[in-house]
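Novice: got a predicted model here, sequence first, then my questions.
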Amino acid sequence: MLMGPQNLPERVAEVRERMEKAALGAGRRVDCITLLGITKGQPAAALLAAARGGVRDFGESYLQEALEKIAAVEQLQAQAAPPGAPREPALTWHFVGRLQSNKTRPVAEGFAWVHAVDRLKIAERLAEQRPYYAAPLNICLQVNVAGEGSKGGVGFAELPALAAAVAALPRLKLRGLMCLPPEENDPVRQRYWFRKLREALEGLNASGLALDTLSMGMSGDFEAAIQEGATIVRVGTALFGPRPP
């Protein structure tokens with residue numbers, strides 16, 4: 001099937017059906033799980049089509065592309081609204097890529113969530129640069145669940161100290177944890193990595209934190225993530241197809 005903005009509502013419905021089936025199998029309510037559309041490499045028109053299909057949260061990995069796309073989407077929304085009609089509901093923007101310290105200010109100013117914080121220095125800069133008039137910036141700490149050298153993320157041993165330090169920063173709200181586990185085809189193995197992240201969050205909460213977010217699961221494994229407690233699933237290919245070359 002040819003993928004394009006015209007059939008995005010159908011694909012949104014298919015992904016939500018998969019989410020609901022996984023949630024029911026785990027005895028969970030699907031309305032407690034956020035579908036985060038990952039739109040890196042996708043045009044603003046595709047993002048807007050997904051939004052009109054009911055997706056309200058979108059994640060970007062590359063800062064310059066994200067800033068240009070946010071501006072383009074806002075312009076398209078304004079142009080689409082008839083004179084005097086209310087604007088379409090605002091979208092929620094998540095930064096899901098690895099963040100360099102010299103690029104924190106635009107993220108602190110323009111996003112609602114940051115999913116891949118794994119260093120205190122990055123969190124401190126985000127706290128310093130978050131505008132005083134904005135709601136606290138929601139933070140997820142990235143955990144390297146398999147200790148892979150090719151991926152970012154804090155190790156389990158260092159996680160409690162980092163979580164305590166980030167939770168104490170002003171203008172941030174530590175919400176939970178995220179991971180990019182090894183690619184697995186076996187659902188049992190997929191669930192193994194997601195379970196480790198859930199158990200880490202439960203350990204932090206037992207120590208006195210009040211975290212409520214597990215950002216885990218992508219197009220090929222989000223059912224397993226939901227079964228292990230995911231509250232945000234980050235879905236790109238299953239919605240938008242392969243990224244354009």
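Specialist: All right, it came through fine.
Novice: and Gly241, what pLDDT?
Specialist: Per-residue pLDDT puts Gly241 at 87.
Novice: what does the one 4 residues further on give?
Specialist: Pro245 carries a pLDDT value of 61.
Novice: so where's this structure uncertain?
Specialist: Scanning the chain for pLDDT under 70 picks out the ranges 1-6, 81-82, 84-88, 244-245.
Novice: where exactly do the strands run in it?
Specialist: 34-38, 57-60, 92-95, 113-117, 137-142, 172-178, 213-215, 232-235 (DSSP state E).
Novice: dump the last one to PDB, keeping only the CA atoms.
Specialist: Read it as strand 232-235. Coordinates of each C-alpha in strand 232-235 appear next as PDB, following Å, rounded to 0.1, in the frame of the first residue of the first chain:
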ATOM      1  CA  ILE A 232       4.300   6.400  26.100                       C
ATOM      2  CA  VAL A 233       5.000   4.500  23.000                       C
ATOM      3  CA  ARG A 234       7.200   6.100  20.300                       C
ATOM      4  CA  VAL A 235       5.900   5.100  16.900                       C
END
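Novice: off-centre distance for it?
Specialist: Relative to its chain's centre, strand 232-235 lies at 6 Å (C-alpha atoms, centre = their mean, to the nearest Å).
Novice: residues in contact with that strand?
Specialist: Strand 232-235 is contacted by residues 15, 19, 33-38, 57, 59, 96, 115, 178, 213-219, 222, 225-226 when judged by C-beta atoms under 8 Å, 6 or more residues apart in numbering. Using the backbone N, CA and C atoms, a C-beta is placed for each residue, glycine as well.
Novice: kindly report the same for the fifth one.
Specialist: Outside of strand 137-142, the residues that reach it under the criterion C-beta under 8 Å, 6+ apart are 108, 111-118, 123, 126-127, 130, 152-154, 159, 162-163, 166, 171-180, 213, 215.
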